[in-house]
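A.B. asks: What would the 3D arrangement of this be:
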Amino acid sequence: MPAARIIPNRGPMSGFLKPFDVLSRLTTDQAYRVSFSHLWNGIATRHSDTVDAKFFVDGRSILVGLAHSAFVQFREHHGRDLTDREAGFIAASYLRERLEQEDERPVYDVSATDVLRLVDTLGLT
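C.D. replies: Reported below is the predicted structural model:
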């Protein structure tokens, strides 16, 4: 059985992800500069059942809310919790997909299905 791929939490949360650029797949002249800020529990702040990730896209604040039920399903299937850093990578992957389609919103609510799809895409086990 292959070893589990775990991305550990190391360093300050603001350093979990390096800033990155996203180029639109629709009109190659649209580029976005994205930087990660932090994670928090959306249950307390937005009254949503999510883990929220805050990003800045060209200086504008963007929230990506990851369905908490996906974290529960992951733990039941893999016997471990997703790390905060892994949650950041999942949120960044979703945000990248949306920006590539020029679908820019102030808040994205990501379904459990999409969270688990991205877990598989990133190879997290």
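A.B. asks: C-alpha from now on. contacts and neighbour counts both.
C.D. replies: Fine.
A.B. asks: Which other helices and strands does the helix or strand in which Arg117 is found contact?
C.D. replies: Following DSSP states H and E, one finds Arg117 within helix 112-122. If you count contacts as 3 or more Cα pairs under 8 Å, 6 or more residues apart in numbering; DSSP states H and E, helix 112-122 packs onto strand 60-67, helix 68-78, helix 84-100.
A.B. asks: Check what contacts the second one and list those residues.
C.D. replies: Residues outside helix 68-78 that contact it (Cα atoms under 8 Å, 6 or more residues apart in numbering) are Asp49, Thr50, Val51, Arg80, Asp81, Leu82, Ser111, Ala112, Thr113, Val115, Leu116, Thr125.
A.B. asks: For that helix, list every residue counted as buried.
C.D. replies: Buried residues in helix 68-78, defined by neighbour count with 16 or more other Cα atoms under 10 Å: His68, Ser69, Ala70, Phe71, Phe74.
A.B. asks: With the shortest one instead?
C.D. replies: Burial within strand 60-67, assessed by neighbour count using 16+ other Cα under 10 Å, is assigned to Ser61, Ile62, Leu63, Val64, Gly65, Leu66, Ala67.
A.B. asks: Between all of those residues, which two are separated the most?
C.D. replies: Ser61 and Ala67 (19.5 Å; Cα to Cα).
A.B. asks: Find the nearest non-adjacent residue to the residue positioned nearest the centre of the chain, please.
C.D. replies: Centroid check for the chain by Cα atoms, centre = their mean gives Ala91 as the closest residue, at 0.8 Å. Spatial nearest neighbour of Ala91, chain neighbours left out: Val64 (6.0 Å); criterion: Cα to Cα, 6 or more residues apart in numbering.
A.B. asks: wouldn't that neighbour be in contact with Ala53 here?
C.D. replies: Yes. Counting by Cα atoms under 8 Å, Val64 touches Ala53, with 5.1 Å between them.
A.B. asks: where do the contact lists of those two overlap?
C.D. replies: Counting by Cα under 8 Å, 6+ apart, the residues touching both Val64 and Ala53 are Ala91.
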